[in-house]
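Enquirer: got a sequence here, can you build the structure:
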Amino acid sequence: MTADAAAMPRKGRRRIAWTVGVFLALAVAAAILGAIWDWNWFRGPVAAIASGRMHRQVTITGDLKVHPWSWQPSATVDGVHIANPAWASGSPVGKAELADIGRIAVQIRLAALFAGHLDLRLLEFDQPKMALYRDGDGRATWDFSDGSKPDEPLRMPPVRKFIIDGGQLVYRDDQRKLSFTGTVEAKEALGQVNRGFQMVGQGALNAQPFSLNVTGGPLLNIDRNKPYPFDADIRAGQTYVTAQGAVPKPFDLAQFYMNVTSRGPDLSDLYGLTGVPLPNTPPYNLRARLSRDAHLWKVDNIAGKVGSSDLSGNLSVRTGDKLPFLTADLHSRALNFPDLGALFGGARKTGPVASPKQKAVAQQMQQQARIFPDATLNFSKIRGLDADISFKADAITGAPIPLRSGSTRVKMNAGLLRAEPLELDLPQGRISGFVQLNGRQTDAITDLDLRLSNARLENLLPVKFQGAQPFAGTVVARATLHGTGDSVHDAMADANGEVMIVAPGGQINQTLAELAGVDLVKGLGLLFAKNQATTPIRCGVLHFTGRGGVLSADRLIVDTDPVLIDGGGVINLDKETLEFTVRGHPKKFQLVRLVAPITVSGPMLSPKVSVRKGQAIAQGVGAAALSLLTPAAVLLPFVDAGLAKNADCAGLMAAGKAEGAPVKSAPPSAAKTGKPGR
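Expert: Alright, predicted model coming up:
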């Protein structure tokens, strides 16, 4: 081997030795520099970077300490202040800053970082004070995006030790009408046995007591590839929510699932916890499976009770757009109709399960003999959500009319709510049409167009006369009304439109028909004999015109074989009273007939029927004067020649059909023979 050949390996070894020596010298120098370096020099650049990422001013007033030379490098920073965005400089929560944090400590795992993952060994917030605010337009002070991707879910890497010590939170949401003041703590519940992670919160939500308790498995054992289990217990006033679930990717809250149970006095109270404007209801107890996949929230397998009615189905809410969009398919096997009263601010009666407030409202309405509740409907909630909801009830009980079942589809679009088709089945017949609430403007507007088809008088008028049904036969109707107001009462008190009721044929108790003509001889005789015979109704038409909440009957005709009944009157939807006068015109000669109109007047819930006595007295005075001439003349004022003619039933039916009532052609048997059509 030559000297040059032997020298080559020695030169290579010297180069390697020099390289290692240089790196060791740099490492020692860096270690010495790190030990003596004042990391506070980086406070300005770090705050500037954070300000740019968070789109608001961030300042650091305390010390910045870094320990980089470790397989688990760490850093602490004291006195971190995060300002509100410019639009919230005068935030109503009383704070100029979004956050004031005493200390933030972070520690990472280098081994995971070299593998392409970020794992936090420690994330600690000491004495954080947060003041969060969302205005009426939906702008939130905690939204750190540039506006292009609002409402992004919180995505965090796995944290093996997460601590919030002495946290204070003030929250106000003008869009949801919410406020919260309280404390938040989070730590690993250590002792002889590691009981896992625990986060607790205490305070007041809208002046009602609030508590939050979330527990999970030990964070030391967390694995990014295994779901992280947790339990939650939330109490807000009288609302209780419990949950058991898991996060598939620990600390990535864009995805999770849980089995949830919730109970409380009113489903609308969940708005503060969920942000979804649910309707007012009686006390409820429900269970379901809740899951989230980024902007899609699902509530599947809903089951339980709302009031005394069962409820099942599925719903979902998609967020991320200007307004959340809710879709739902809900079902009830047995719906107790009074449970729906809370939807509109009250009910004349309540179901077996009702809150004390709902019972008090119902009692007040009963005492005042009112039908339409005057509680203001919250249209701000309707404006905050778009929706497409289907609902079906297999059976309905407790309704003011004998409803058998029903279904509807409700769509909400930027404050416009429309229930169409709306179908309510009767034992015979159906009510169908739509109801629309327009809450887009300051003054809410209600429109409805409902049709009654193929119904029966005996089902809709469940009254008894001498122990039997006095009416029978087919009836159809249509109501088109338009009103302005933020409550059902205000909308009805302003209602304009038309109501048409048509009875193409049927039967009426003969005693009632004769008494309508006030045939004292025959009518009273039938009454005392408790006669149950019937006479045909050739046709009947009742037409109302609505102006400013007053329905005026400009057409009232009931044509029977012995008597043609007509008259008029009004229904005042504001005062909820009615005033009707009807007269009977006999079609046959009556020797003794009292010309005294029958009046129906008083509250809509309890009207009284009476005979107008004034005209009867006038007849008596006239008879007394005539009796001075001849004793036989005393009967003349009570004698009726029977000149009334049959009503033009075909014309009346055609008029009703032209105005939208679902009238079929007049039954020939009723029009020609006087027998009720079938």
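Enquirer: and the end-to-end length of stretch 51-63?
Expert: 18 Å (C-alpha to C-alpha, to the nearest Å).
Enquirer: buried stuff in it?
Expert: With burial defined by 16 or more other C-beta atoms under 10 Å, the residues of stretch 51-63 counted as buried are 54, 56-60, 62. C-beta here means a position set from N, CA and C on the backbone, and glycine is covered the same way.
Enquirer: how about the nearest residue to residue 314 once chain neighbours are set aside, what does it touch?
Expert: Of all residues not flanking residue 314 in the chain, residue 300 sits nearest, at 4.9 Å (C-beta to C-beta, 6 or more residues apart in numbering). Residue 300 makes contact with 288-289, 291, 314 under the criterion C-beta atoms under 8 Å, 6 or more residues apart in numbering.
Enquirer: distance of residue 300 from residue 324?
Expert: 18 Å (C-beta to C-beta, to the nearest Å).
Enquirer: CA atoms only: put the helix or strand containing residue 568 into CSV for me.
Expert: Using DSSP states H and E, residue 568 sits in strand 563-572. This file holds the C-alpha atoms of strand 563-572, laid out as CSV (Å, rounded to 0.1, in the frame of the first residue of the first chain):
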residue,chain,number,x,y,z
VAL,A,563,-139.8,26.6,7.1
LEU,A,564,-137.4,28.9,5.3
ILE,A,565,-135.0,30.3,7.8
ASP,A,566,-132.9,33.4,7.1
GLY,A,567,-131.3,36.1,9.1
GLY,A,568,-127.9,37.8,9.7
GLY,A,569,-125.4,38.7,12.3
VAL,A,570,-121.7,39.3,13.2
ILE,A,571,-118.8,37.5,14.9
ASN,A,572,-116.3,39.8,16.6
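Enquirer: so residue 71 touches residue 113, yeah?
Expert: No: using C-beta atoms under 8 Å as the test, residue 71 is too far from residue 113 to be in contact (10.1 Å).
Enquirer: out of those two, which sits in the more crowded spot?
Expert: For residue 71 versus residue 113, the count of surrounding residues by other C-beta atoms under 10 Å is larger for residue 113: 12 against 9.
Enquirer: show me what the helix or strand residue 215 falls within is packed against.
Expert: Taking DSSP H and E as the definition, one finds residue 215 inside strand 208-216. If you count contacts as 3 or more C-beta pairs under 8 Å, 6 or more residues apart in numbering; DSSP states H and E, strand 208-216 packs onto strand 197-205, strand 228-236.
Enquirer: all helices of the chain, in order?
Expert: For the chain, the helices defined by DSSP state H occupy 3-36, 43-54, 110-114, 271-274, 356-367, 379-383, 457-460, 488-493, 510-516, 520-528, 613-626, 649-658, 668.
Enquirer: how about residue 229, what does it touch?
Expert: Contacts of residue 229 by C-beta under 8 Å, 6+ apart are 216-217, 244-246.
Enquirer: whichever of those residues end up buried, select them in PyMOL.
Expert: Restricted to buried positions by 16+ other C-beta under 10 Å, the PyMOL selection for the contacts of residue 229 reads:
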select buried, resi 216+217+245+246
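Enquirer: any idea which of the contacts of residue 229 is closest to residue 275?
Expert: Using C-beta to C-beta, residue 245 comes nearest to residue 275 of these, at 18.8 Å.
Enquirer: which residue, other than its chain neighbours, is closest to that closest one?
Expert: Nearest to residue 245 is residue 258, by C-beta to C-beta, 6+ apart, at 2.5 Å.
Enquirer: sorry, back to before: can you redo the contacts of residue 300 as TSV with pLDDT?
Expert: Formatted as TSV, the contacts of residue 300 follow (pLDDT from 0 to 100):
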residue	pLDDT
288	96
289	96
291	94
314	97
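Enquirer: buried subset of those as a PyMOL selection?
Expert: Command for PyMOL that selects the buried part of the contacts of residue 300, burial taken from 16+ other C-beta under 10 Å:
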select buried, resi 288+291+314
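Enquirer: the contacts of residue 300 in strands, which ones?
Expert: Using DSSP state E, the members of the contacts of residue 300 that fall in strands are 288-289, 291, 314.
Enquirer: let me have the residues you listed in TSV, extended by distance to residue 337.
Expert: As requested, those are exported to TSV (distance: C-beta to C-beta, whole Å):
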residue	distance to residue 337
288	24
289	29
291	33
314	24
